[in-house]
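Undergrad: build the 3D model from these lines:
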Amino acid sequence: MLVKKFFIGMVWAMPKDRKQYFRDYYSRNRDTKLRYQNEYYRKTKEFAKESLELLELFEPEIYAKKRKAYKDYQAAYRKKIREKRKNESK
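TA: Next comes the predicted model:
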């Protein structure tokens with residue numbers, strides 16, 4: 001019984017034009033959301049950079065392995081993209 005009353009209350013509170021409601025909601029909160037995302041990405045980037053610096057300082061062998069794996073991955077990715085572009089241009 002409680003679930004039924006809750007559901008009816010939710011439906012009653014929702015506006016008729018749901019698409020417009022959500023479009024307005026996201027446009028109203030866009031600046032706050034972007035500010036939060038930028039701050040989050042900045043903090044995450046700093047944390048990753050500091051972690052790598054510590055790893056390089058305390059565990060140089062592990063750091064070298066991670067660095068090599070990353071460079072190999074990047075080289076393979078670039079090669080794959082070049083091949084894809086070459087095939088698309090034909």
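
Undergrad: okay, helices next: where are they in the protein?
TA: Secondary structure of the chain (DSSP state H): helices at 2-13, 18-28, 30-58, 60-89.

Undergrad: okay, those helices in a markdown table with mean pLDDT and mean neighbour count next?
TA: No exception for glycine: its C-beta is placed from N, CA and C like everyone else's. As requested, the helices of the chain are exported to a markdown table (pLDDT from 0 to 100; neighbours: other Cβ atoms under 10 Å):
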| stretch | mean pLDDT | mean neighbour count |
| --- | --- | --- |
| helix 2-13 | 57 | 8 |
| helix 18-28 | 87 | 10 |
| helix 30-58 | 97 | 10 |
| helix 60-89 | 96 | 10 |
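
Undergrad: what about the closest residue to residue 21 other than its chain neighbours, how many residues nearby?
TA: Among residues not flanking residue 21 along the chain, residue 15 sits closest, at 4.7 Å (Cβ to Cβ, 6 or more residues apart in numbering). By other Cβ atoms under 10 Å, 10 other residues sit near residue 15.

Undergrad: for residue 59, list the residues it contacts.
TA: Listed by Cβ atoms under 8 Å, 6 or more residues apart in numbering, residue 59 has no contact partners.

Undergrad: repeat the analysis, applying 10 Å as the threshold.
TA: By Cβ atoms under 10 Å, 6 or more residues apart in numbering, the contact set of residue 59 is 65, 66.

Undergrad: check residue 63 too.
TA: Contact analysis of residue 63 by Cβ under 10 Å, 6+ apart lists 52, 53, 54, 55, 56, 57.

Undergrad: let's see that with 8 Å instead.
TA: Residue 63 is in contact with 52, 55, 56, counting by Cβ under 8 Å, 6+ apart.

Undergrad: now for the second one: which residues touch it?
TA: Right, the one you point to is residue 55. 62, 63, 66.
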